[in-house]
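Asks: generate coordinates for the sequence data below:
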Amino acid sequence: MIDILHLSKRYGDTLAVEDLSLEIDAGEIFALLGPNGAGKSSTVKVLTGLSRPTAGEVRICGFDVVQEPIEVKKRIGYVPENAILYESLTADEYLDLAGTLRHIDRKKLAEQREELFSLFELSKQDRKKLLAEFSKGMKQKVLLIAALIHNPEVLILDEPLSGLDANAALIFKEVLRRFAHGTAGKTIFFCSHVLDVVERLCDRIAIMDHGRLIAIGTPQELLEESGEASLELAFHKLTGGADIERSTEDVMRALSQE
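Replies: Sure, this is the predicted structure:
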C-alpha cells in the first residue's frame, strides 16, 4: 500500500532524509519514530504530497505521489502535527466542507458524520460552536473525524493523540486496530513520541536518526536487537541517547550547588 524507494529530501545544504526505502502492507499499523530532526516530518510531507522528493520514488495504493497526486489524495486520510482549522466554521460546517471536497454523497456524509461525532463524544451542542471556541483536544477530534470520514485506504497520522483526553485516546486506538486489522485491511502510517502506545499498538516500527533508517522490525524484534525491556529504552539506546543515570546525576548535582 505504501512503497518508498530510495527517498531523499534536501533543504538547501541540509539532507533531511537520505536513501529511505520502506514497504508497508495493507492491514498494517506502522510507526515511524526518531528524535527531533530525524526526518520524520519531511517523510510525511512527501507521502502526503506537501513536498516533492529530491530523489527517489513514493507510491501509495500503486499511484506515484508526484505524478498522480490527485489519485493519492483520494485514497488517504491525513492528520498533520500542527493543523490549522477554519476557526470561523462550526464543527458541522467543517465536516460538511471536508465531505464535499471528497465528493461524498450527502446522505452518506450525514450518516458518517453522525456516527463519528457520537464515537468521539462530540455533542450536538458542541457541533454548533465555532471551532475557535474548541479546546485543543476537541479540535483534534474534529481533525481525526475529517481524516476518517471518507473511509480512506491509507491513514497518515502525525502525533494523532496530541491533546486527546484518556477516553478519546482509548477510543481512537481501538478505531485504528479495527481499521487495520478488520475485514477492510486498511493501512496506518503514523509518527508519535508516545512510545508506550506505539509499542502496544504497532505491527512494525521503523526508527530514523539524522535522516537515515537505523532500525526496523516488530516491537519484539527491536527489543531483542537492543537488549532492552521497553521500546522507550530501546529507542534511547538505538539513537545514541546520553547515559540516563549519569545525566540525571549531573543535573541533580548542579541543582544542589549553591
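
Asks: could you use CA atoms for every contact and neighbour count after this?
Replies: OK.

Asks: go through stretch 18-35 and flag the buried ones.
Replies: Residues of stretch 18-35 classed as buried: 18, 20-21, 24-35 (neighbour count, 16 or more other C-alpha atoms under 10 Å).

Asks: just the closest of these to Val58, please.
Replies: Ser21 (9.1 Å; C-alpha to C-alpha).

Asks: any idea which helix or strand carries that closest one?
Replies: In this assignment (DSSP states H and E), Ser21 forms part of strand 14-24.

Asks: quick one: the helices in the stretch 101-250 of the chain?
Replies: For the stretch 101-250 of the chain, the helices defined by DSSP state H, counting those that start in this stretch cover 106-119, 124-127, 136-148, 166-181, 195-201, 219-226, 231-238, 244-256.

Asks: tell me which of the ones you listed sits nearest to Ala83.
Replies: Among the helices of the stretch 101-250 of the chain, the nearest to Ala83 by C-alpha to C-alpha is helix 136-148 (8.1 Å).

Asks: alpha carbons only: can I get that closest one in PDB?
Replies: Extracted as PDB, the C-alpha positions of helix 136-148 are listed here (Å, rounded to 0.1, in the frame of the first residue of the first chain):
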ATOM      1  CA  LYS A 136      -7.000  21.600  21.600                       C
ATOM      2  CA  GLY A 137      -8.400  18.200  22.300                       C
ATOM      3  CA  MET A 138     -11.800  18.900  20.700                       C
ATOM      4  CA  LYS A 139     -10.100  20.400  17.600                       C
ATOM      5  CA  GLN A 140      -8.000  17.200  17.400                       C
ATOM      6  CA  LYS A 141     -11.200  15.100  17.500                       C
ATOM      7  CA  VAL A 142     -12.600  17.100  14.500                       C
ATOM      8  CA  LEU A 143      -9.300  16.600  12.600                       C
ATOM      9  CA  LEU A 144      -9.400  12.900  13.200                       C
ATOM     10  CA  ILE A 145     -13.100  12.700  12.100                       C
ATOM     11  CA  ALA A 146     -12.200  14.600   8.900                       C
ATOM     12  CA  ALA A 147      -9.400  12.100   8.200                       C
ATOM     13  CA  LEU A 148     -11.700   9.100   8.700                       C
END
